[in-house]
Structure formats: C-alpha cells, structure tokens
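**Q** next input, structure requested:
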Amino acid sequence: MSKSIINRVPSPFTGGNSRLEYYTGISFDIKGEHIEDMIFKVDTGSSFTVISSNMPNIEQLDLIDIDPQFNVVVEDASGNTLNLQKLIVTNFQFTEDILFDKIEIYITNMMNRKAIIGMDLLSLFDFQYLKEPNQIKGTFWINNYEESLNKCRTHRENLGYYSPRSIMLLDEDNINHSLNLTQDCIDNSPLQNMNLGIKSKK
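**A** Just a heads-up that it's a prediction; the model follows:
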C-alpha cells in the first residue's frame with residue numbers, strides 16, 4: 001500500500017506547533033515564478049483549496065483580474081462571503097510523493113495572507129489523522145495515493161489539468177447514475193412485477 005505523510009510545519013502566525021492546527025509547506029510554479037514552501041493550513045472544514053492574492057512572493061504577480069469573473073462563491077467560518085477565482089498552477093508538490101504537474105486551485109482577494117488545503121483536494125484520497133500512543137500531536141497521512149492518482153489521470157488527460165472539484169462532481173454523478181440504474185433494475189425486475197398466483201383464503 002502506497003502511503004505518504006503530509007509534512008507538518010510550525011504555524012506561520014505563532015511559530016507554534018499546536019495539535020489544534022496543522023500546517024504544511026507546498027512548493028509550486030505560477031506564471032513562470034517558483035514559489036518555495038508556501039505555508040498552507042490543512043483544513044478539513046474548508047471546501048476548497050485557496051490562497052490569498054496578497055500572500056508573500058505572489059502579491060506582485062497580479063493574479064486577480066481587474067474585472068474578475070469569479071467562479072465560486074462561498075462563506076467562511078464567520079459567515080462572510082468570499083469570491084473565489086480559479087487558478088491553474090504547475091508542479092504542485094503536495095507531499096514528497098505526490099506531485100500534480102498541473103492543478104486547479106483557487107485564489108481570492110477577500111482573505112488576508114492565508115493559504116488553505118481544503119476538502120476538494122484532500123477528498124481525492126483516502127486520508128487519515130493518526131495519533132500514536134503517548135504522542136502529543138498526530139500526523140496526516142495519505143493512503144493508497146497511487147491508486148487514487150491513477151483514477152484521476154484519465155480526467156486530467158481529458159481536461160489538461162487536475163480539477164479536484166470537477167473530479168468530485170463527476171464521482172457524484174457516477175454514483176447517482178449507478179444508484180438510479182440499481183433502482184431501475186429493482187423496479188423492472190421480473191420478481192417485482194410477477195403475480196405469484198397466491199389467492200387469499202375466504
């Protein structure tokens with residue numbers, strides 16, 4: 001079984017390593033610029049993987065359009081509305097073993113100097129938070145990542161990049177389609193419509 005750890009790094013805000021938070025460093029390329037070890041918070045409460053447009057090393061790149069066509073509207077934990085714009089980055093080194101050559105994430109100018117790994121990316125994989133006995137802090141692990149990546153590659157080839165949100169929607173559509181087929185089979189089953197010929201006794 002292929003297994004990869006999401007490396008933990010100290011909080012960029014406090015410098016601490018509380019088990020209530022989990023941060024990791026991710027390198028990637030954007031608009032010809034290499035970004036080394038941008039600190040992302042691993043957040044299972046966030047739907048999307050998103051970075052602030054004013055993060056160090058990218059704020060000078062003008063990644064937000066002057067008249068942007070925002071692609072996703074979400075609410076943060078405080079109920080504030082955030083407009084997210086799709087952003088394609090390359091060589092996204094999620095873990096030491098998992099590299100996305102080209103992937104869709106999101107960017108916003110309505111969040112201050114934060115970067116978040118959300119469930120759109122995490123849920124591509126079988127992931128777990130593992131805390132060993134006598135450990136103060138646990139670690140996030142990605143299990144069976146090779147199998148998960150293989151399932152995503154056909155979609156990547158068709159679209160030209162990995163789109164976690166599109167893969168999720170496609171998976172949900174396939175599941176719903178399978179459920180509908182199963183129900184159709186039940187509804188149209190010979191047993192379902194067969195008159196068993198049993199007469200009630202008078």
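
**Q** switch to C-alpha atoms for all contacts and neighbour counts from now on
**A** OK.

**Q** quick one, what contacts the most centrally placed residue in the chain?
**A** Geometric centre of the chain, nearest residue: residue 121, 1.6 Å, by CA atoms, centre = their mean. Neighbouring residues of residue 121 by CA atoms under 8 Å, 6 or more residues apart in numbering: 48-49, 164.

**Q** and it, its phi and psi?
**A** Main-chain dihedrals, residue 121, degrees, to the nearest 10: phi -80, psi -50.

**Q** kindly report the same for residue 81.
**A** Phi and psi for residue 81, reported as degrees, to the nearest 10, are phi -80, psi 130.

**Q** could you report the separation of residue 145 from residue 83?
**A** Relative to residue 83, residue 145 is positioned 31 Å away (CA to CA, to the nearest Å).

**Q** could you do residue 116 as well?
**A** Remark: distance between residue 116 and residue 83 (CA to CA) = 15 Å.

**Q** give me the more crowded residue out of these two.
**A** The neighbour count for residue 116 versus residue 83, taken as other CA atoms under 10 Å, is higher for residue 116 (22 against 18).

**Q** and the more buried one, that one's in a helix?
**A** No - the assignment for residue 116, made by DSSP: H, G, I helix; E, B strand; the rest coil, is strand rather than a helix.

**Q** in the one helix or strand residue 129 maps to, what counts as buried?
**A** For residue 129, the host element (DSSP states H and E) is strand 126-130. Neighbour-count burial for strand 126-130 flags residue 127 (criterion: 16 or more other CA atoms under 10 Å).

**Q** sheet-wise, list the partners of that strand with their directions.
**A** If you go by DSSP bridges, strand 126-130 pairs up with strand 139-143 (antiparallel).
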